[in-house]
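K.L.:
Sharing a model that was predicted from the sequence below.
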Amino acid sequence: MSRTVYVNGSYVPEEDAKVSVFDRGFLFADGVYEVTSVLDGRLLDFAGHATRLQRSLDELEMKSPVTMDDLLDIHRELVRLNDLTEGMIYLQVTRGAADRDFAYPKDVQPTLVLFTQSKTLIDSPMVKTGMKVISIEDQRWGRRDIKTVQLLYPSMGKMMAKAAGADDAWMVEDGLVTEGTSNNAYIVTKSGKIITRHLGNEILHGITRTAVLRFAREAQMEVEERAFTMDEAKDAAEAFITSASTFVMPVVSIDGVAVGEGKPGPVALRLREIYLDESRKSAI
Ligand code: PDD
């Protein structure tokens with residue numbers, strides 16, 4: 001069935017949605033995005049995503065095409081028009097259409113596109129089996145804290161993982177894990193400490209990461225934000241990832257080595273439960 005999508009002020013059938021061939025998102029990957037999950041027809045952590053979007057726009061000196069209040073209305077209207085109960089809303093802002101030039105054009109109207117993706121998120125089969133990841137070199141650009149649409153290397157990483165019979169790849173830079181291709185990476189040590197890379201330009205500041213670390217600390221779990229090696233990860237008691245579309249997902253194997261007992265661990269599963277409970281309560 002055809003979806004209704006949002007393009008520059010209009011709600012239109014997906015077949016009729018159009019963006020210029022001169023759009024800088026298309027020509028230069030000059031655009032940023034957000035993915036917000038929807039459960040029970042409500043948005044999870046909308047404020048976090050809106051704040052990060054504003055930060056991404058500011059870092060690239062890009063104008064916001066609408067106010068953050070309007071953005072909430074557009075998200076809600078798309079949920080309503082598409083009768084979305086569970087899935088995601090994808091949002092993309094690009095600098096807009098202008099004759100091709102590397103320098104940012106002046107006075108260009110940004111492009112704003114949003115669409116829904118219906119998906120089973122809660123009962124994902126991977127929660128029971130856990131994910132398999134491989135390690136790859138992190139060859140992305142240096143400003144991974146900006147959520148840009150330059151996603152070719154993460155796509156290549158996902159394909160490398162598939163070719164190796166795995167589900168995803170964790171990226172490694174200078175011997176230390178940065179993050180997954182589209183998620184933040186965590187290990188749990190044998191003494192029960194949760195370790196995930198500290199914030200910086202090297203990783204995306206995950207909205208799910210912020211929430212999960214807060215819930216973990218509130219539940220008296222020990223958390224350390226620092227970089228870790230692949231050897232530490234393979235020797236960990238547990239591993240997991242977080243993102244808006246996977247919430248907390250256990251990782252059971254890294255480069256073919258079983259993590260812990262090789263099945264989803266109690267810390268990851270407990271954090272998933274807390275995250276889902278708490279974020280459903282505050283969903284809007
Ligand atoms: N990806 N790191 C990277 C590189 C990501 O692309 C993402 C999100 C995350 C997790 O961020 P958050 O918790 O805010 O979703 C970390 C989204 C889901 C995507 O590209 O589909």
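P.N.:
Arrived safely, thanks for sending.

K.L.:
okay, now whatever residue of the stretch 51-200 of the chain ends up closest to the ligand: neighbour count?
P.N.:
Among all residues of the stretch 51-200 of the chain, Ser182 sits closest to the ligand, at 3.9 Å; criterion: CB to the nearest ligand atom. Just so you know, the C-beta spots here come from the backbone N, C-alpha and C atoms, and that holds for glycine as well. As a burial measure, Ser182 scores 20 neighbours (other CB atoms under 10 Å).

K.L.:
need the contact list for it.
P.N.:
Neighbouring residues of Ser182 by CB atoms under 8 Å, 6 or more residues apart in numbering: Leu151, Pro154, Lys158, Asp168, Ser243, Ser245.

K.L.:
Name the SS class of the residue in the stretch 1-150 of the chain positioned nearest to the ligand, please.
P.N.:
As assessed by CB to the nearest ligand atom, the ligand sits closest to Val35 within the stretch 1-150 of the chain, at 4.1 Å. What DSSP: H, G, I helix; E, B strand; the rest coil gives for Val35 is strand.

K.L.:
so it touches Tyr90, yeah?
P.N.:
Yes - with contact defined as CB atoms under 8 Å, Val35 reaches Tyr90; the gap is 5.6 Å.

K.L.:
check contacts around Ser2.
P.N.:
Contacts of Ser2 by CB under 8 Å, 6+ apart are Pro13, Glu14, Glu15.

K.L.:
Which members of these occur in helices, if any?
P.N.:
Of the contacts of Ser2, none are assigned to helices by DSSP state H.

K.L.:
Export these as JSON lines, with columns for distance to Ala283, pLDDT and neighbour count.
P.N.:
Shown next, in JSON lines, are the contacts of Ser2 (distance: CB to CB, whole Å; pLDDT from 0 to 100; neighbours: other CB atoms under 10 Å):
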{"residue": "Pro13", "distance to Ala283": "28", "pLDDT": "98", "neighbour count": "10"}
{"residue": "Glu14", "distance to Ala283": "25", "pLDDT": "98", "neighbour count": "13"}
{"residue": "Glu15", "distance to Ala283": "31", "pLDDT": "97", "neighbour count": "9"}
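
K.L.:
Tell me which of the residues you listed fall in strands.
P.N.:
Pro13 (DSSP state E).

K.L.:
show me what contacts Ser36?
P.N.:
Small correction: residue 36 is Thr, not Ser. Leu43, Leu44, Asp45, Phe46, His49, His75, Met88, Ile89, Leu91, Ala244.

K.L.:
And the closest residue to Gln139 other than its chain neighbours, its phi and psi?
P.N.:
Among residues not flanking Gln139 along the chain, Tyr153 sits closest, at 5.5 Å (CB to CB, 6 or more residues apart in numbering). Phi and psi for Tyr153, reported as degrees, to the nearest 10, are phi -70, psi -40.

K.L.:
tally of neighbours for Tyr153?
P.N.:
16.

K.L.:
can you tell me how far it sits from His198?
P.N.:
22 Å (CB to CB, to the nearest Å).

K.L.:
coming back round to it: restricting to the contacts of Ser182, which residues neighbour the ligand?
P.N.:
Ser243, Ser245 (CB under 6 Å from any ligand atom).
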